[in-house]
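Chemist: sharing a sequence plus its predicted fold:
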Amino acid sequence: MCIKKVNLISILKLIEFILQIQIFYRLKMIEEVTVIKLTNYFIHLLVIFTKINRIIIAIGKAKKKTV
């Protein structure tokens with residue numbers, strides 16, 4: 001339960017950061033290329049994070065079966 005809660009918070013923080021980047025772009029504080037690079041980078045991080053989360057859940061299920 002604890003792992004899922006931490007992961008959810010981290011995912012929400014990543015989404016919040018992406019939205020902040022979009023706002024800065026609309027205010028013309030940063031260039032379009034930077035927005036695209038940062039957004040792609042964080043989406044990539046989110047994908048990696050999701051994969052790690054699935055591995056942790058799989059390990060947890062495997063431990064329950066062996067015990």
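Modeler: Received the coordinates, thanks.
Chemist: quick check: what element follows the strand or helix carrying residue 10 along the chain?
Modeler: Assigned by DSSP states H and E, residue 10 falls within helix 2-26. Downstream of helix 2-26, the next assigned helix or strand under DSSP H and E is helix 32-66.
Chemist: if you count neighbours, what's buried in that following helix?
Modeler: For helix 32-66, a neighbour-count test (16 or more other CB atoms under 10 Å) marks 35, 38, 42, 53 as buried. Quick note: C-beta positions are derived from backbone N, CA and C, even for glycine.
Chemist: from what I can see the second one touches residue 21, true?
Modeler: Yes. Taking CB atoms under 8 Å as the contact criterion, residue 38 and residue 21 are neighbours in contact, 5.1 Å apart.
Chemist: low-confidence ranges, this protein, go.
Modeler: For the chain, applying pLDDT under 70 flags the ranges 1-6, 30, 67.
Chemist: in contact with the spatially most central residue of the chain, which residues?
Modeler: With distances taken as CA atoms, centre = their mean, the residue of the chain nearest its centroid is residue 46 (3.1 Å). The contact partners of residue 46, taken as CB atoms under 8 Å, 6 or more residues apart in numbering, are 11, 14.
Chemist: mind checking how far it is from residue 54?
Modeler: 13 Å (CB to CB, to the nearest Å).
Chemist: equivalent analysis for residue 12, please.
Modeler: Using CB to CB, one gets 18 Å for the distance from residue 12 to residue 54.
Chemist: now residue 61
Modeler: For residue 61 relative to residue 54 (CB to CB), the value is 11 Å.
Chemist: can you check residue 25 too?
Modeler: The spacing between residue 25 and residue 54, counted by CB to CB, is 32 Å.
Chemist: cool, and residue 19?
Modeler: According to CB to CB, residue 19 and residue 54 sit 25 Å apart.
Chemist: residue 17 too?
Modeler: For residue 17, the distance to residue 54 (CB to CB) stands at 22 Å.
Chemist: if we can go back for a sec, and the buried residues of helix 32-66 as TSV, adding distance to residue 66?
Modeler: Listed next are the buried residues of helix 32-66 as TSV, based on distance: CB to CB, whole Å:
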residue	distance to residue 66
35	47
38	42
42	36
53	21
